[in-house]
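A.B. asks: this one's structure only:
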């Protein structure tokens, strides 16, 4: 920040303030990061960047200033909006650190998100002030450091992908009534056996019409998935003494998706809100959410519905209270004097979503119990998936667990939907246990294989099945470890045996904590990508040849949406498996045009010919290339290359450069 020469006192006060801020932040930056479990861990300190005062002007101001014993208060101080922004960002970041040290990881994430988004949403051009871009980079690096710290207890922020709850879409509608549909349904329900009274109203008929047409795919998909859980659900409903037809509440709510999440934050097959779930014994933590456990959540839902029926004496009111809470329904009953859902509906004293909720469930029930009439008799239901259960009291990465039983991590996530991350929980008490579900018949195989991995290494170490032509050296490079470490972990002799690995041999791979995030290698330099309309995490990751998981880690993202973001930070791949240069033109926000893909081994001139004017290219530096030769090949300038690559001076083979072609 520059000051006019005649405002000496303002200079003194501003310089002192800046010096105090710099000293404070310097002390913070001097604290070294210590990666420990969340309750004690230290997130990397954020170092606020600030332009130092001009020494020459400081000296001049000091020599000409009045005696300091009687300073005059200046009329007004100049305000530095950039310094103010950095101070606000620093405050939020420090709050995140405090929450992180206390083990409040979700709150810490929110603090870091706020700090990150305040910078991105400030309206400043990040290149217009030398303080802002480094500030954003430091926050991002700090968040990445937090990810590494969380990884010490498992796969920190890589949350299991959720599904949108289908009830949200249906609840927004007021479907038209088809009188022919209504008449047929009225005739059908007269011969339909049901423990839950089935009533035909215009609202129910409207939803039957909707699910027979526009919403047909939702009903068919849910019926197909129901086969996997139907036997279990019906058994629990029977044991708890509630109508079997309440299985269709889960169909309407979630489509039998254990990972369904509503816009309001209700989660799981039975769409429990957090507070209600806790009251019925469903535990939630950073690692596990029992609302996503099909059997536990079904038991809790049956208990809850039975309690609501005992309170209201009516299953329709019980369902309404399940949706909006017993207090809301009780209040509506007291206001009108009617303990009847349809009367409350007519008097419009219930929330809109609750008024629609019960007709949706009744409509789905009628259709599911009369599949032939609605063309649903051809739907093939999934088979129940049997599994073995192993009780474990230690954390283990699901990738290692899967390797123990020759399955995939996705297989185990499917069998363990209550897990929010790729790691089972770590218990603070000695009696804590997690029921790990494994493919049926593999419990013994798992116990035998995992016994070879030290208990405190089961979050990090891996098994690897040797492929033809692989050596210890090549395997070590893949996992960022050393041949000697692999040999020692597997009791292998040195020398020729290093290269005498038989295909299908299973090796234990020792990996140091924090090293193995991804099997790809990424460039050290950060690439900035300006988000375009229609971009998602998955589409951007595909375009740049990086994993969606790492893109989320680098930018502290959750899910697939990029709403509210302006810029993504990423590191381009430099391994052979991701060596294609990706071209993202200014006219493309999704997948790349096939012609815009060029392999790193091709001549750069080829890339120039396939690139459209003003395209953003990524060039992998080859031996012998210079900034001048690359600029010539891509019809750009050396200064432009330096500008887009952080004033890079020295090139190394394998380095990825951002290149913008010029008309």
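C.D. replies: Noted; the coordinates are in hand. Given the structure is predicted, the values throughout are model-derived calculations rather than measurements.

A.B. asks: can you show me the helices along the stretch 351-500 of the chain?
C.D. replies: Assigned by DSSP state H, counting those that start in this stretch, the helices in the stretch 351-500 of the chain fall at 352-369, 398-404, 409-415, 443-450, 472-479, 483-489.

A.B. asks: for those, which has the smallest mean pLDDT value?
C.D. replies: Among these, helix 472-479 has the lowest mean pLDDT, at a mean of 82.

A.B. asks: dump the helices of the stretch 351-500 of the chain to a markdown table, plus distance to residue 209 and mean neighbour count.
C.D. replies: Every C-beta, even on glycine, is put in place using the N, C-alpha and C of the backbone. Putting those into a markdown table (distance: least, Cβ to Cβ, whole Å; neighbours: other Cβ atoms under 10 Å) gives the following:
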| stretch | distance to residue 209 | mean neighbour count |
| --- | --- | --- |
| helix 352-369 | 9 | 24 |
| helix 398-404 | 43 | 23 |
| helix 409-415 | 34 | 17 |
| helix 443-450 | 49 | 16 |
| helix 472-479 | 56 | 17 |
| helix 483-489 | 63 | 17 |
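
A.B. asks: which one of those helices lies closest to residue 292?
C.D. replies: Checking those against residue 292 by Cβ to Cβ gives helix 409-415 as the closest, at 10.5 Å.

A.B. asks: related to what we said a few turns ago, so which of the helices of the stretch 351-500 of the chain comes closest to residue 328?
C.D. replies: Across the helices of the stretch 351-500 of the chain, closest to residue 328 is helix 352-369 (Cβ to Cβ), at 7.1 Å.

A.B. asks: and for residue 230, the neighbour number?
C.D. replies: 16 (other Cβ atoms under 10 Å).

A.B. asks: wait, isn't it in contact with residue 244?
C.D. replies: No. Using Cβ atoms under 8 Å, residue 230 is not in contact with residue 244, being 10.1 Å away.

A.B. asks: from residue 306, how far out is residue 644?
C.D. replies: 64 Å (Cβ to Cβ, to the nearest Å).

A.B. asks: returning to what we had before: want to throw the helices of the stretch 351-500 of the chain into TSV with distance to residue 562?
C.D. replies: Below are the helices of the stretch 351-500 of the chain laid out as TSV (distance: least, Cβ to Cβ, whole Å):
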stretch	distance to residue 562
helix 352-369	28
helix 398-404	27
helix 409-415	24
helix 443-450	39
helix 472-479	31
helix 483-489	39
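
A.B. asks: nearest to residue 253, of those?
C.D. replies: helix 352-369 (8.4 Å).

A.B. asks: which helices and strands does that closest one pack with?
C.D. replies: Here helix 352-369 touches helix 166-171, helix 179-189, helix 202-212, helix 216-240, helix 247-254, helix 315-324, helix 341-346, going by 3 or more Cβ pairs under 8 Å, 6 or more residues apart in numbering; DSSP states H and E.

A.B. asks: can you give me the angle it makes with helix 179-189?
C.D. replies: When axes from the mean of the first three to the mean of the last three Cα atoms, to 10 degrees is applied, the directions of helix 352-369 and helix 179-189 differ by 60 degrees.

A.B. asks: burial check on residue 344, number of neighbours?
C.D. replies: 23.

A.B. asks: brain fart, residue 304
C.D. replies: Count around residue 304 with other Cβ under 10 Å applied: 22.

A.B. asks: that one touches residue 278, doesn't it?
C.D. replies: No. In this structure residue 304 lies outside contact range of residue 278 using Cβ under 8 Å: 11.9 Å.

A.B. asks: hang on, the earlier thing: out of the helices of the stretch 351-500 of the chain, which comes closest to residue 311?
C.D. replies: helix 352-369 (15.8 Å).

A.B. asks: quick one: the closest one to helix 315-324, angle?
C.D. replies: Using the same axes, to 10 degrees: helix 352-369 against helix 315-324 is 120 degrees.

A.B. asks: angle of helix 352-369 against helix 202-212?
C.D. replies: 60 degrees.

A.B. asks: for residue 631, which non-adjacent residue is closest in space?
C.D. replies: residue 638 (5.0 Å; Cβ to Cβ, 6 or more residues apart in numbering).

A.B. asks: gap between the one you found and residue 629?
C.D. replies: To residue 629, residue 638 is 10 Å away according to Cβ to Cβ.

A.B. asks: try residue 506
C.D. replies: 47 Å.

A.B. asks: three-state assignment of residue 83?
C.D. replies: helix (DSSP: H, G, I helix; E, B strand; the rest coil).

A.B. asks: burial count for it?
C.D. replies: Residue 83 is flanked by 19 other residues according to other Cβ under 10 Å.

A.B. asks: for residue 265, same thing?
C.D. replies: 10.

A.B. asks: which one is it nearest to, not counting chain neighbours?
C.D. replies: Leaving aside its sequence neighbours, residue 265 sits nearest to residue 273 (Cβ to Cβ, 6+ apart; 6.6 Å).

A.B. asks: check contacts around that neighbour.
C.D. replies: For residue 273, the contact set (Cβ atoms under 8 Å, 6 or more residues apart in numbering) comprises 264-266.

A.B. asks: what of residue 202?
C.D. replies: Contacts of residue 202 by Cβ under 8 Å, 6+ apart are 177, 182.

A.B. asks: can we start the residue count at 6 from this point?
C.D. replies: From this message on, residue numbering opens at 6, which makes the last subject residue 207.

A.B. asks: any idea of the pLDDT on it?
C.D. replies: Per-residue confidence (pLDDT) for residue 207: 92.

A.B. asks: with residue 395 as the reference, name the closest of the helices of the stretch 356-505 of the chain.
C.D. replies: Comparison of the helices of the stretch 356-505 of the chain against residue 395 by Cβ to Cβ identifies helix 448-455 as nearest, at 5.3 Å.

A.B. asks: I would like the residues contacting that closest one, please.
C.D. replies: Contacts of helix 448-455 (Cβ under 8 Å, 6+ apart): 393-395, 401, 405-406, 408-410, 443, 463, 468.

A.B. asks: what's the answer for stretch 456-475, then?
C.D. replies: Residues outside stretch 456-475 that contact it (Cβ under 8 Å, 6+ apart): 156-159, 399-402, 404-405, 408-409, 428, 454-455, 480, 484, 494, 506-518, 521.

A.B. asks: re the thing from before, out of the helices of the stretch 356-505 of the chain, nearest to residue 93?
C.D. replies: Evaluated with Cβ to Cβ, the helices of the stretch 356-505 of the chain place helix 357-374 nearest to residue 93, the distance being 37.2 Å.

A.B. asks: now do the closest one against helix 252-259, angle only.
C.D. replies: Using the same axes, to 10 degrees: helix 357-374 against helix 252-259 is 130 degrees.

A.B. asks: orientation of helix 357-374 relative to helix 221-245 in degrees?
C.D. replies: With the same axes, to 10 degrees applied, the angle from helix 357-374 to helix 221-245 works out at 90 degrees.

A.B. asks: which ones are touching residue 514?
C.D. replies: Shown in contact with residue 514 (Cβ under 8 Å, 6+ apart): 466-469, 480, 484, 486, 491, 494.

A.B. asks: run the last query once more with 10 Å
C.D. replies: When contacts are counted by Cβ atoms under 10 Å, 6 or more residues apart in numbering, residue 514 touches 405, 408, 458, 465-469, 480-481, 483-486, 490-491, 494-495, 521.

A.B. asks: before we move on, what about residue 441?
C.D. replies: 392-397, 401, 403, 406, 417, 420-421, 424, 429, 448, 451.

A.B. asks: who does it form a beta bridge with?
C.D. replies: Per DSSP bridges, the residues bridged to residue 441 are residue 395.

A.B. asks: fine by me, thanks again.
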